[in-house]
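Novice: Structure of the sequence below:
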Amino acid sequence: MHRSFAHMAFLLLAVFSTVLATALPLRAETPPELWSIRASASRSAAGAVASAVRLRAAGFPDAGVLMLYDDANTLWYVVETATATSRQDARPLADQCRDIAGAPCLVRRMDRTLHEARRISNEGLRNSALIIPPPLPDSTPPAPVPAAPDGTIARPVPAAPQSVAPAEPPAINEQAPPVFLSPFAADTRQAETLLARSLFRRGDFETARSMFQFLLQKYGPEEELRAGYIETLIASARWAEADAALAEWREEEPDSLAALRQTAQLQLAMAEETGLYEASYPWLEAILEQAPDDTGVRIDYAYARLNAGDWHGALALFSDVYDADPENESAAGAIQGILRERGPQLRVDYRSEVQAGDVSINTLNMAYSGQIDSRLRLDLSHARTRMDRRSDEDGTRSIARELLSTRAGLQFEPDGQWLLGAGLAFHDGSDTGLTPDITVVRRFHGGTSLRFDAEYGAPWTSTLDAANLEGTTDTFMLSLEHPLDENWFMSAGAGLQRYSVAALSGFALQEREEFTLGRRIHFLPDVTASYSFTRTRQNYRQSNPGERPVDLVDKEDIHALRVEKLHWYNEYIALRSFASAGYDVFRLSPLLSVGGGLRIRLGQRLDLDLGAEYNNDTGQAGGGESKAITTSIIYHF
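Specialist: Predicted coordinates:
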């Protein structure tokens, strides 16, 4: 009985093993074809290898190079980012390739055996001298194999070369691989498309546009070629042609997601010149309706709203991206930047200045600002200024004054173009009273802004004699800031300042004009150089200087050069410095100024700034040098 049981168990085990051995190869059978995701093509092996190495470093560990011939037997080195076993698996890899490479990547079906034969080995990637080009293919496509009436395959009979015209290879696409076509001839369309892409990436938009136009005529309005052609139109600022081509595409294929993406990109590109980012909103929203998980489009939509001045809407979109993917650095950085600018914050500034003539001025200012809603912001501040001067043997009287000022204000931004501000300050210690102020800012596309500021009855603290006489100033200023390009910028301003003391109102009126032309010399560290011209003229009510209660500089024409540098050594510590040299045509002595400081960022909430500066001229009628130390603490709630 035991022998029968053992014999039966042996037979069952043998049958199971046979079935298992027969089934496993069927399950593990490798598909004869694969899908290849390709980024670019080059005639140079070294250039293609360098691109593959960069892609590996960027997050594509399987990136490599294929050696493929076109119909003219021209060898191309095709940069491949990855492979997939199905088209569905290839699509996400192609999107990832697009995000890193900066342009759409091609997805092509390919024979697995040919792929293995034409892929450069890792040894070849490390040493290009080991790369051996494959032999030239047969230029004649193989003829189809006819089937016999009984269903068996007949042996093909080769035709005479003079009696058979070579067939034109059909266009290759992702849906239908070529039938009865040599794998070498299948490289033609792919190589032409990759060449057009390479021209586009090198910035030769006109040649790339012409080549894509030729390919559209040759192969028809295929999605990939259409997208490439329109992309060249957008890059070369052919807005009308791109808009017409996209309108035709959307009419022919109303459900094409690629057409919607290109339309949104066109609107965003035009908005960089016109500032009309709102025109891109419907297209971006239409894309998100079809592809709600498209992180790239949602980030584009967020930046469009941010550039249009809708920081609140941009923050919500960035937050959606961050909630879905906390590792998204772009969303995290944008959220951090918006909150640092728009979130509530408390700032404390302290300045201690010593001037010639035993003068010391110490100022402590505390300010809070925070959004009431998306358009309205509250500003509260309190400043305390201590001014002291010792008496001298020449008869100069000692002064000891403490000035207090408390201000409340509101800023209203109805849209991204206008900012309206108003405030009211109560001051005491010099001349008790109220100081109203208003601000109007008009922003234009490209970073240009026009600003008007007015302040009435503010304490006069720039001169100790004026503070001792309970002096006040009324200021009206119009200024313009305009970036000329990515590196050059200019600003200009003109205004009036009216001076009064307790016993004599409006005894002097100053006219002031300013102009600055600057250039960013270096980025990271940031180095900026600028030239400025300042002109002032005083108009007095009293023609006799002896009747004027406070001495002022009558006129100035100052030319100055200034250099500033900000160097962040890491995300927590930075050094800042500046130096300027100028001269006033009405005074022979030069005007020199130098200073620097240390910035420390303690996490995301606390910022510190410690600095010092020196000026060889205070700019007052008596002249003399000044030295100051400064401290700032900013806490972000």
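Novice: Going by C-alpha atoms from here, please, whenever you check contacts or count neighbours.
Specialist: Noted.
Novice: I'd like to know how far G624 sits from D428.
Specialist: For G624, the distance to D428 equals 29 Å [Cα to Cα, to the nearest Å].
Novice: for E353, same thing?
Specialist: 21 Å.
Novice: buried sites along the longest strand along the chain?
Specialist: Ranked by number of residues, the top strand in the chain under DSSP state E is strand 504-522. For strand 504-522, the buried set under the neighbour-count rule, 16 or more other Cα atoms under 10 Å, comprises 507-510, 512-520.
Novice: just these now: which is nearest E341?
Specialist: Of all those, R520 has the smallest distance to E341: 22.9 Å, by Cα to Cα.
Novice: in the sheet, who's paired with that closest one?
Specialist: Under DSSP bridges, the beta-bridge partners of R520 are T528.
Novice: Show me the shaky parts of this protein.
Specialist: Segments of the chain classed as low confidence (criterion: pLDDT under 70) are 1-30, 71-72, 99-104, 129, 137-187, 393-395, 430.
Novice: List the buried residues of stretch 481-493.
Specialist: Burial within stretch 481-493, assessed by neighbour count using 16+ other Cα under 10 Å, is assigned to 481-483, 488-493.
Novice: typed the wrong thing, it's stretch 257-264
Specialist: Residues 257-264 are the ones in stretch 257-264 that count as buried (16+ other Cα under 10 Å).
Novice: what number of residues lie near A57?
Specialist: Burial of A57, expressed as a neighbour count using other Cα atoms under 10 Å, amounts to 11.
Novice: same deal with V440?
Specialist: Neighbours of V440 using other Cα under 10 Å come to 18.
Novice: State the paired neighbours of the helix or strand harbouring it in the sheet, together with their directions.
Specialist: Applying DSSP states H and E as the criterion places V440 in strand 433-443. The pairing partners recorded for strand 433-443 under DSSP bridges are strand 418-428 (antiparallel), strand 449-459 (antiparallel).
Novice: can you pull the buried residues of whichever strand or helix holds A240?
Specialist: Counting by DSSP H and E, the secondary-structure element that holds A240 is helix 239-252. By neighbour count, with 16+ other Cα under 10 Å as the criterion, the buried positions of helix 239-252 are 239, 242-243, 245-246, 249-250.
Novice: Repeat that for stretch 335-353.
Specialist: Quick answer for stretch 335-353 (16+ other Cα under 10 Å): 335, 339-340, 342, 344-353.
Novice: Please name every helix or strand in contact with the longest strand of the chain.
Specialist: Here strand 504-522 is seen to pack against strand 488-501, strand 526-540 when contacts are counted using 3 or more Cα pairs under 8 Å, 6 or more residues apart in numbering; DSSP states H and E.
Novice: before we move on, the earlier item: redo the buried residues of helix 239-252 as a markdown table? Include distance to I37.
Specialist: Supplementary listing: these in a markdown table, determined by distance: Cα to Cα, whole Å:
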| residue | distance to I37 |
| --- | --- |
| W239 | 30 |
| A242 | 27 |
| D243 | 29 |
| A245 | 27 |
| L246 | 26 |
| W249 | 25 |
| R250 | 26 |
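Novice: any idea which of the buried residues of strand 504-522 is closest to Q96?
Specialist: When the buried residues of strand 504-522 are ranked by distance to Q96 (Cα to Cα), R520 comes first, at 34.2 Å.
Novice: pretty sure the closest one contacts D526?
Specialist: Yes - in this structure, R520 sits in contact with D526. The criterion is Cα atoms under 8 Å, and the distance is 7.4 Å.
Novice: so what secondary structure elements neighbour the helix or strand harbouring T475?
Specialist: With elements taken from DSSP H and E, the one containing T475 is strand 472-483. The contact analysis (3+ Cα pairs under 8 Å, 6+ apart) places strand 472-483 against strand 449-459, strand 488-501.
Novice: A48: which of those strands is closest?
Specialist: Of all the helices and strands packed on strand 472-483, it is strand 488-501 that lies closest to A48, at 37.2 Å by Cα to Cα.
Novice: what residues does the closest one touch?
Specialist: Outside of strand 488-501, the residues that reach it under the criterion Cα atoms under 8 Å, 6 or more residues apart in numbering are 466, 469-484, 505-520, 549.
Novice: so who does the spatially closest residue to E455 that is not a sequence neighbour touch?
Specialist: Sequence neighbours aside, D437 is the residue nearest to E455 in space, at 4.4 Å (criterion: Cα to Cα, 6 or more residues apart in numbering). Under the criterion of Cα under 8 Å, 6+ apart, the contact partners of D437 comprise 422-424, 453-456.
Novice: what do you get if the cut-off is 6 Å, keeping everything else the same?
Specialist: Remark: with contacts taken as Cα atoms under 6 Å, 6 or more residues apart in numbering, D437 is in contact with 422-423, 454-455.
Novice: Kindly report the same for L450.
Specialist: 441-442, 479-480.
Novice: Those: which two are farthest apart?
Specialist: Every pair in those was compared (Cα to Cα); the two farthest apart turn out to be R442 and S479, at 10.8 Å.
Novice: who has more neighbours, these two?
Specialist: Remark: of R442 and S479, S479 carries more neighbours, 18 against 15, as counted by other Cα under 10 Å.
Novice: Show me the beta-bridge partners of the closest residue to the more buried one other than its chain neighbours.
Specialist: Excluding the flanking residues, the one nearest S479 by Cα to Cα, 6+ apart is G493, at 4.0 Å. Each beta-bridge partner of G493 is listed here, defined by DSSP bridges: S479, E514.
Novice: and G493, how far is that from P92?
Specialist: According to Cα to Cα, G493 stands 53 Å off from P92.
Novice: what's the answer for L130, then?
Specialist: As for L130, its distance to P92 is 33 Å (criterion: Cα to Cα).
Novice: quick revisit: make a markdown table out of the strands paired with strand 433-443 and add distance to I573.
Specialist: Listed next are the strands paired with strand 433-443 as a markdown table, based on distance: least, Cα to Cα, whole Å:
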| stretch | distance to I573 |
| --- | --- |
| strand 418-428 | 33 |
| strand 449-459 | 31 |
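Novice: Out of the ones you listed, which is the most enclosed?
Specialist: Mean neighbours per residue, mean count of other Cα atoms under 10 Å, is largest over the strands paired with strand 433-443 for strand 449-459, with a mean of 19.
Novice: Show the subsequent helix or strand relative to that strand.
Specialist: Beyond strand 449-459 toward the C-terminal end (DSSP H and E), the next one is helix 464-468.
Novice: burial measure for L588, as a count.
Specialist: Using other Cα under 10 Å, the number of residues around L588 comes to 8.
Novice: That one in helix, strand or coil?
Specialist: What DSSP: H, G, I helix; E, B strand; the rest coil gives for L588 is coil.
Novice: got a list of what it touches?
Specialist: The contact partners of L588, by Cα under 6 Å, 6+ apart, come to none.
Novice: Phi, psi for it please.
Specialist: As for L588, its main-chain torsions (degrees, to the nearest 10) stand at phi -80, psi -30.
Novice: mind checking how far it is from E556?
Specialist: 12 Å.
Novice: And D358, by the same measure?
Specialist: 25 Å.
Novice: These two: which is more packed in?
Specialist: A count of neighbours by other Cα under 10 Å puts E556 above the other of D358 and E556, at 19 against 12.
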